[in-house]
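> Compute the structure for the input listed below.
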Amino acid sequence: MTHKYTIEFDEETWKNLVEHAGRGNIKDYIIHLLDREFAAGRIRAVVLCGGEAADLYPTRIPIPKAMLPVNYRPVLEYLLEHLVHHGISRVTLVSGRKGNVRDHFAPLSTPGLDIDIVTEPAPLGTGGALRSVRHKVHGTFLVANGDILTNVDLSRLIRDHRASGALATLLVTHPDHSDQHDPRRLGHVEVDAEGVVRALVEPEEDVDLTKEPPVADPPMQYNAGVYLFEPQVLDRIAEEGRVSLETDVIPDLIKEGKVRAWTMDASDYWLDVADPREFSRAWEDMLTGKFPALA
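Sure, this is the predicted structure:
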């Protein structure tokens, strides 16, 4: 059965439709746009909330990084609102046994959000976290670290990932922001001229983080902790043991040329609140009104 509906466009919108449809049928192009937008609603987001903030001075308490308070709200709340804003309604939180993620979010009622929580019996890495929820994933899915603040256009990220045909797309920081982040904490991403990821280099362990961070020279692009994956990626995760997406799974996909980078705009906002300096900046930005509205 088909249904007819008449839509009126203003002149500017009509010109944009004609321009973007090119030689194609305008009706087919509009249907294509709607299909892509509805696709976001079918995407499940998996948010990783197991990492602890024990090294984040001055807290010194083992709370999940996703529960760090920014303007008296857990940073995870801002991320969930951002997902809903972009039409992503199905969200799975993967948390550790410690902390209060389940206590805080289980009764939380957010309009447009279908949320469930999976508790890992033991920390098994980012890949292990995905292994615990693979039965919930049936198509393209988004993975995000629960300790980031951002206003990145997730709708555009999803559309570009689908159009690329890649098995994985990594959100990466803009090179102009290189000096705003600590290279000792973030993995940097090497990207070729076509946007294909050639390497993901994780930071060294056992580095003294109490000293001032070095300036990256030349400027680097960092892994921003947001990924789009196709379900086939789950087949690359070992059936047992600790597995890291960043060191065990993604590098193999990179070797096969199946990972693309999506560079955020220079005007986009992104902070890793697990970094003490960025945690302080998040508070400052909230209190001074610099934290941008959702995009």
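
> So which other helices or strands are in contact with the particular helix or strand that has residue 77 in it?
Using DSSP states H and E, residue 77 sits in helix 75-85. The helices and strands touching helix 75-85, judged by 3 or more C-beta pairs under 8 Å, 6 or more residues apart in numbering; DSSP states H and E, are strand 44-48, strand 90-95, strand 141-145, strand 148-150. In short, each C-beta sits where N, CA and C put it, glycine included.

> And the ones you listed: which comes nearest residue 230?
Closest approach to residue 230 among the helices and strands packed on helix 75-85 is made by strand 141-145 (8.3 Å; C-beta to C-beta).

> That closest one: which residues count as buried?
Of the residues in strand 141-145, those with enough neighbours to count as buried (16 or more other C-beta atoms under 10 Å) are 141-145.

> Would you mind checking the average pLDDT for it?
For strand 141-145, the mean pLDDT works out to 97.

> Sheet-wise, list the partners of that strand with their directions.
Taking DSSP bridges as the criterion, strand 141-145 pairs within the sheet with strand 44-48 (parallel), strand 223-229 (antiparallel).

> what's the next secondary structure element after the last one?
Stepping forward along the backbone from strand 223-229, the first helix or strand reached (DSSP H and E) is helix 250-255.

> do the same with the shortest one
Counting by DSSP H and E, the element after strand 44-48 in chain order, helix or strand, is strand 69-70.

> So in that sheet, which strands flank that next one, and in what orientation?
Paired with strand 69-70 in the same sheet, following DSSP bridges, are strand 73-74 (antiparallel).

> hmm, who's touching the partner strand?
Under the criterion C-beta atoms under 8 Å, 6 or more residues apart in numbering, residues 66-68, 104 lie in contact with strand 73-74.

> Dump the helices and strands packed on helix 75-85 to TSV, plus distance to residue 288.
TSV is the format used below for those (distance: least, C-beta to C-beta, whole Å):
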stretch	distance to residue 288
strand 44-48	27
strand 90-95	30
strand 141-145	25
strand 148-150	14
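
> who wins for proximity to residue 119 among these?
Across the helices and strands packed on helix 75-85, residue 119 has its closest neighbour in strand 90-95 (5.7 Å, C-beta to C-beta).

> returning to that earlier point: hmm, who's touching the helix holding residue 77?
Helix 75-85 is contacted by residues 45, 47, 49, 65-70, 91, 93, 101, 105, 110-113, 115, 142, 144, 146-151, 154, 273, 282, 294 when judged by C-beta under 8 Å, 6+ apart.

> Show me how the record splits the protein into domains.
With domains defined by automatic domain parsing, the chain comprises 13-42, 43-287.

> Out of those, which one sits most buried?
Neighbour counts (mean count of other C-beta atoms under 10 Å) averaged over each of these peak at domain 43-287, with a mean of 18.
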